[in-house]
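Trainee: curious how this folds, go ahead:
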Amino acid sequence: MMFNWLSLVTGLFYIVLGIVVIFYKFFFTILEPGVAYILGALLILYGIFRIYRAITKIKNSGNEE
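Mentor: This is a model prediction of the structure:
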């Protein structure tokens, strides 16, 4: 159960990281604007996916009890 909540927090972290990459165009090195937008969008999408997966696992674990 703790893994599901940790996955939820990790998803939020990826979303924030994606936003930071888009605004500051920096990810361990200075990025070109196009690369920053693509990398930021991918990080945000992955964060949304992690949150969705965590929520579905939390809901399913509630149904099993």
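Trainee: and the residue nearest to the spatial centre of the chain, helix, strand or coil?
Mentor: Taking C-alpha atoms, centre = their mean, the centroid of the chain lies closest to Gly47, which sits 1.8 Å from it. Put simply, Gly47 is helix when judged by DSSP: H, G, I helix; E, B strand; the rest coil.
Trainee: and the spatially closest residue to it that is not a sequence neighbour, how far from Trp5?
Mentor: Leaving out its chain neighbours, the residue that sits closest to Gly47 by C-beta to C-beta, 6 or more residues apart in numbering is Tyr14, at 3.2 Å. Just so you know, the C-beta spots here come from the backbone N, C-alpha and C atoms, and that holds for glycine as well. As judged by C-beta to C-beta, to the nearest Å, Tyr14 and Trp5 stand 15 Å apart.
Trainee: who has more neighbours, the two?
Mentor: Tyr14 (19 against 12; other C-beta atoms under 10 Å).
Trainee: state the distance from the more buried one to Thr56.
Mentor: Separation of Tyr14 from Thr56 (C-beta to C-beta) stands at 17 Å.
Trainee: and if you look at Phe27?
Mentor: Taking C-beta to C-beta, one finds Phe27 at 29 Å from Thr56.
Trainee: the two: which is more packed in?
Mentor: Phe27 (16 against 11).
Trainee: was I right about the more buried one contacting Leu42?
Mentor: No: counting by C-beta atoms under 8 Å, Phe27 sits too far from Leu42 to count as a contact (11.0 Å).
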